[in-house]
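>>> need coordinates for the below:
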Amino acid sequence: MMNVEKSNQEKGWKLKDLDYPVPKHALEFGYCLGGIILVGFGLLIITGLIMALFFTPTVAGARLSILTLSESPFGLLLRSFHRWTAEAIMFLIILHLSRIIFTGSYQGKRKVNWFFGIGLLVITFVFFFSGTVIKWDQEGYEAYQHMLEATEMLPLGVYFASFLKGTAAVMRMFVTHSLILPLLLFVFLLPHLALVKLNGLSPLPNTAPSNSTTFSQHLKKVLGFSVPIYGLVVFLSAQFPVVLYPGPYAGVEMTKPPWIFLPLY
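Here you go, the predicted structure:
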C-alpha cells in the first residue's frame, strides 16, 4: 500500500514539475508553433511505422507495394494523412522560422539554439525529400535524378553519387528516411528543447518579461491548437488523396517538385 502511495506521489511530483512559470505570451499561437510541429512529427512517426509494415524497399517493389496499400480505403487515407501532415509541418516550420526572425529570438544567449534549429530544418527538408523519392514513381525518380545531378557538381560529389546509384537506391533512401534521419532528429531535438528550457521562452519585442502562466498551460494550448490543425489535415487527406504517379520513365520530365522545393527547380 505504501509503495502505491509512494508511486502516486512520484507521479504527482512529475506532473507538478510541469507547472514552472513561463511568460504569458507562451499561450499565443506564434509561441506554440514549435510544440504543434512536435505533435506533427509524432503523427508522422506513427503513420510512417504503420506504412513501413507494408513497404517493399526495392526498385522493383517500392511503387507496387504503395499501390497495393492505396487500394485499401484506409491505406490511401493513411498515405494521404502522412503526406498532408508532412506538408503542414513544412508550412508550420516556415511560420515558426518567420516568428523567430521577426522577434529576434535567435540573438544573444539563444544563438546556439538557433543553429540547432537550422539543423532541424535541414533534417526536415531531407525527410520530405527522401519520402518523395522512396515511392519510386515518376515524381520520386525525377527527384532522385535531380539529386544525383546536384551531388555530382559538388567536390568529391561524383564518388558520393556513384554510391547512391544502382538497384539499392531505394533501400538506401529508405534506410536514410526511416533510421538515419530519425536518429539525427533525436540528436538535434534534445539539445534544442533543453536550451529552450534553460534559456526560457524568448520575450516579446520591446516588452518586459513577466512570468504569469505555467508550462502545463502552454502544453494545453499547444494541444488546443493542434487538434483543429491536424483535424483539417484529416479532412484534406479524405477530400484530396495523394497521387501515385506511373512507374519511372527515364529521359523525360513529367512532374514538378513539391512546392517546398520549387525555388530550387
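
>>> hmm, who's touching the strand or helix carrying Ser65?
Assigned by DSSP states H and E, Ser65 belongs to helix 62-70. Applying CB atoms under 8 Å, 6 or more residues apart in numbering, the external contacts of helix 62-70 come out as 51, 54-56, 75-76, 78-79, 134-137, 170, 244, 247. Using the backbone N, CA and C atoms, a C-beta is placed for each residue, glycine as well.

>>> drop anything exposed from those.
The neighbour-count criterion (16 or more other CB atoms under 10 Å) marks 51, 55-56, 75-76, 78-79, 134-137, 170, 244 among the contacts of helix 62-70 as buried.

>>> farthest-apart pair in these, please.
Greatest spatial distance in those: Leu76 and Val170, 21.0 Å, computed using CB to CB.

>>> can you map out the helices along this structure?
The residue ranges that make up the helices of the chain, judged by DSSP state H, are 2-16, 33-52, 62-70, 73-103, 111-133, 138-152, 157-164, 169-175, 181-199, 215-239.

>>> could you list the buried residues of stretch 159-174?
The neighbour-count criterion (16+ other CB under 10 Å) identifies Ala161, Ala169, Val170, Met171, Arg172, Met173, Phe174 as the buried residues of stretch 159-174.

>>> same thing with stretch 102-113?
For stretch 102-113, the neighbour count (16+ other CB under 10 Å) marks Thr103, Ser105, Tyr106, Arg110, Asn113 as buried.

>>> CA-only coordinates of that stretch in PDB, if you can.
C-alpha atoms of stretch 102-113 as PDB (Å, rounded to 0.1, in the frame of the first residue of the first chain):
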ATOM      1  CA  PHE A 102      10.700  38.800 -36.600                       C
ATOM      2  CA  THR A 103      11.000  38.700 -32.800                       C
ATOM      3  CA  GLY A 104      14.800  38.400 -32.800                       C
ATOM      4  CA  SER A 105      14.700  35.200 -30.800                       C
ATOM      5  CA  TYR A 106      17.900  33.900 -32.500                       C
ATOM      6  CA  GLN A 107      20.100  36.500 -30.800                       C
ATOM      7  CA  GLY A 108      22.100  36.700 -27.700                       C
ATOM      8  CA  LYS A 109      22.200  33.600 -25.500                       C
ATOM      9  CA  ARG A 110      19.800  31.800 -27.900                       C
ATOM     10  CA  LYS A 111      22.200  31.900 -30.800                       C
ATOM     11  CA  VAL A 112      23.400  28.300 -30.200                       C
ATOM     12  CA  ASN A 113      19.800  27.100 -30.200                       C
END
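
>>> contacting residues around that stretch?
Stretch 102-113 is touched from outside by 30, 99-100, 114, 117, 191-192, 195-196, 199, 202, 204-205, with contacts defined as CB under 8 Å, 6+ apart.

>>> now do stretch 255-265
Taking contacts as CB under 8 Å, 6+ apart, the residues outside stretch 255-265 that touch it are Glu87, Met90, Phe125, Phe128, Phe129, Thr132, Gln138, Glu139, Glu142, Ala143, His146, Tyr245.
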